[in-house]
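Enquirer: dropping the sequence and predicted coords here.
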Amino acid sequence: MREPVVGRKVRLGFIGAGWWATVNHMPILAARDDVEMVAVSRRDPQLLREVQEKFGFEFAFTDYRELLQLGLDGILVGSPHAAHHEHALAALQSGAHVLCEKPMTLDPAQAWELVHEARARGLHLLVPYGWHYKPFIREAKRLMDQGVVGEVEYALCHMASPTKGFFAGGGGPPEQWQATISGPDPGTWQLPERGGGYAHGQISHSSALLFWLTGLHATRVAALMTRPGSRVDMYDAAAVEFGGGAIGTISGAATLPDNDKFQLELRVFGSDGVLLLDVERERLEVRRHDGMHVSQEVPAGEGAYSCEEPPARFVELIGGYGVNESPGEIAARTVELIDAMHRSAALDGAPVEVDPVT
C-alpha cells in the first residue's frame, strides 16, 4: 500500500475536464485547504485554458501522458467513457490513487484489469456513486451486512431518470456537435460505440447500489432494450440470475419529465424478510417474517442525488483514513452486467452468460 499523505496537501490531477468534472469534482476539491490542484489534461486547447484559469491548475496539458510524469498523489479520470480504461490504467501504473467516473470501463475484462492493478499496487480505486454515501443508504448497507433479510433469494432494481434530452439529443448530426465545459458532451452519451445510452449512463448507478448492498454478482442475463427517437438505448429490461442461485429483475427508463425526481427503487427479498429502499419517496424499511420490522426515518430531500462526498472521500483515503464505499470491484460488477445486457439485447433477448472473473 502506498504510504498515506500526511503533513502536506494532497496533489491532484485530472485526466478529462468535461461537464461533470467541472461542475462537481473540481469546485468541491478546489475549495479544500488540504488539496493542491496541480494539473489538468484535455485535448481541446481552448477549453483546457478555460479550465486551468477557472480552477487555478499549475499545469495544463493536451497530452495526458505529460501529467503522469508529475508524481501526483491522486488522479481523477473524467474523460469520455470509452477512454476510461486507458486513462485509469495509466494513472494507476504511474503510482497514483484513482477516482474513475462511471461506467468505469465498457469491457468487463478491462474493468477487472483496473481492479487487479490497483490491488497489486496497493492503491485506492474509487468510482463516484453518490447515493452510496447518503446516511440512509449507508444504514441500509449496515442492515444488509447484519443479515437482516437472511439469504438473498430475489432482487428488484428499477431506475428512471429525467434524461430524455440527455440521451436522445436532437442537436443535429455528430459532426456538428461542439464540446463545452458547461454541458455534457453529446458524443459521450449519444453514440453507442462510445458508451452512450441509459444502461451505461444510469443503470451503472442502480446496479452498483444493488451489488454493494447485497454482494450479488450477475452470472446469466436475458435483456431487451429499445431506443425510440434515439441512437442509444432509452428503455432497458433484464432478467438476471446471480451467483448463489438468487434471481432478479433490473430495469431502467430515460424519459421522466424534466425536473422530476430520480426514481431508484430496490426490493431485496431473502429467507428472513425483505429490504425496501426508495430514493424518490425516501423510504428505508425492512419487513421480517419474525415480526421484528425496521423502519428508518429519512429526512426530506436526502434521497436527491448529489456527489459531494465521493471526491471528498477520495482525498481522505489518500490521507490514510475513511472507507471506500464505492470500490472498483463493485463498478466491475456493473460493467459485467451491462455488457451482458447489451449482448443479450443484440440477440433479441436470448440469455447470455457472464464470463467468470479470472
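Expert: Okay, I see it.
Enquirer: neighbours around R32, how many?
Expert: 15 (other CB atoms under 10 Å). To be clear about C-beta, it is placed using only N, CA and C from the backbone, and glycine gets the same treatment.
Enquirer: what about it, helix or strand, and which?
Expert: Using DSSP states H and E, R32 sits within no helix or strand.
Enquirer: try I75
Expert: Counting by DSSP H and E, the element that carries I75 is strand 74-77.
Enquirer: who does that strand pair up with?
Expert: Sheet pairing of strand 74-77 (DSSP bridges) gives strand 10-15 (parallel), strand 97-100 (parallel).
Enquirer: got the CA positions of stretch 100-117 in CSV?
Expert: Taking C-alpha atoms only, stretch 100-117 is exported to CSV below (Å, rounded to 0.1, in the frame of the first residue of the first chain):
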residue,chain,number,x,y,z
CYS,A,100,-12.6,7.0,-12.2
GLU,A,101,-16.0,8.1,-13.4
LYS,A,102,-18.7,5.6,-14.2
PRO,A,103,-19.0,3.5,-16.3
MET,A,104,-15.6,2.5,-15.1
THR,A,105,-15.0,0.8,-18.5
LEU,A,106,-17.1,-0.6,-21.3
ASP,A,107,-15.4,-4.1,-21.3
PRO,A,108,-15.6,-6.4,-18.3
ALA,A,109,-12.0,-7.7,-18.8
GLN,A,110,-10.7,-4.2,-18.8
ALA,A,111,-12.7,-3.4,-15.6
TRP,A,112,-11.2,-6.3,-13.7
GLU,A,113,-7.7,-5.3,-15.1
LEU,A,114,-8.1,-2.0,-13.3
VAL,A,115,-9.2,-3.7,-10.1
HIS,A,116,-6.3,-6.1,-10.1
GLU,A,117,-3.8,-3.3,-11.0
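Enquirer: quick one: mean pLDDT for that stretch?
Expert: For stretch 100-117, the mean per-residue pLDDT is 98.
Enquirer: which parts of it are buried?
Expert: Residues of stretch 100-117 classed as buried by neighbour count (16 or more other CB atoms under 10 Å): 100-106, 108, 110-115, 117.
Enquirer: pull the distance from it to the chain's centre.
Expert: Chain-centre distance of stretch 100-117: 11 Å, with CA atoms, centre = their mean, to the nearest Å.
Enquirer: now stretch 242-261
Expert: How far stretch 242-261 lies from its chain's middle: 15 Å, per CA atoms, centre = their mean.
Enquirer: for it, measure first residue to last.
Expert: Using CA to CA, to the nearest Å, the end-to-end distance of stretch 242-261 comes out at 29 Å.
Enquirer: re earlier: and the strands paired with strand 74-77 as JSON lines, adding distance to E66?
Expert: Shown next, in JSON lines, are the strands paired with strand 74-77 (distance: least, CB to CB, whole Å):
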{"stretch": "strand 10-15", "distance to E66": "10"}
{"stretch": "strand 97-100", "distance to E66": "17"}
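Enquirer: mean confidence for the helix or strand following the strand holding I75?
Expert: Counting by DSSP H and E, the element after strand 74-77 in chain order, helix or strand, is helix 84-93. The average pLDDT within helix 84-93 is 98.
Enquirer: tell me the gap between helix 84-93 and the middle of its chain.
Expert: Here the centre of helix 84-93 is set off from its chain's centre by 16 Å, with CA atoms, centre = their mean.
Enquirer: that helix versus strand 10-15: what angle between them?
Expert: Computed with axes from the mean of the first three to the mean of the last three CA atoms, to 10 degrees, the direction of helix 84-93 lies at 150 degrees from that of strand 10-15.
Enquirer: tell me which strands and helices helix 84-93 is in contact with?
Expert: With contacts defined as 3 or more CB pairs under 8 Å, 6 or more residues apart in numbering; DSSP states H and E, helix 84-93 has these neighbours: helix 64-67, strand 74-77, strand 97-100, helix 108-121.
Enquirer: in terms of secondary structure, what does the last one contact?
Expert: Okay, so that is helix 108-121. Applying 3+ CB pairs under 8 Å, 6+ apart, one finds that helix 108-121 contacts helix 84-93, strand 97-100, strand 125-126, helix 328-346.
Enquirer: let me see the mean pLDDT of the shortest one.
Expert: The average of the pLDDT scores along strand 125-126 is 98.
Enquirer: if you count neighbours, what's buried in whatever helix or strand comes next after that strand?
Expert: Scanning forward in sequence from strand 125-126 by DSSP H and E, the next helix or strand is helix 135-145. Using 16+ other CB under 10 Å as the test for burial, helix 135-145 gives F136, I137, A140, K141, L143, M144.
Enquirer: helix 135-145: what's the following helix or strand?
Expert: Where DSSP H and E defines the elements, the next helix or strand beyond helix 135-145 is strand 152-160.
Enquirer: avg pLDDT for the very next helix or strand once past that following strand?
Expert: Note on strand 152-160: by DSSP H and E, the next helix or strand toward the C-terminus is helix 164-168. The pLDDT scores in helix 164-168 average 91.
Enquirer: cool, stretch 184-197 as well?
Expert: 90.
Enquirer: span of it from start to end?
Expert: Termini of stretch 184-197 sit 13 Å apart (CA to CA).
Enquirer: thinking again about what came up before, which of the buried residues of helix 135-145 sits closest to D34?
Expert: Proximity of the buried residues of helix 135-145 to D34 (CB to CB) peaks at I137, which lies at 25.8 Å.
Enquirer: which element is the residue nearest the centre of the chain on?
Expert: When CA atoms, centre = their mean is applied to the chain, the residue found nearest the centroid is K102 (3.6 Å). Under the criterion DSSP H and E, no helix or strand holds K102.
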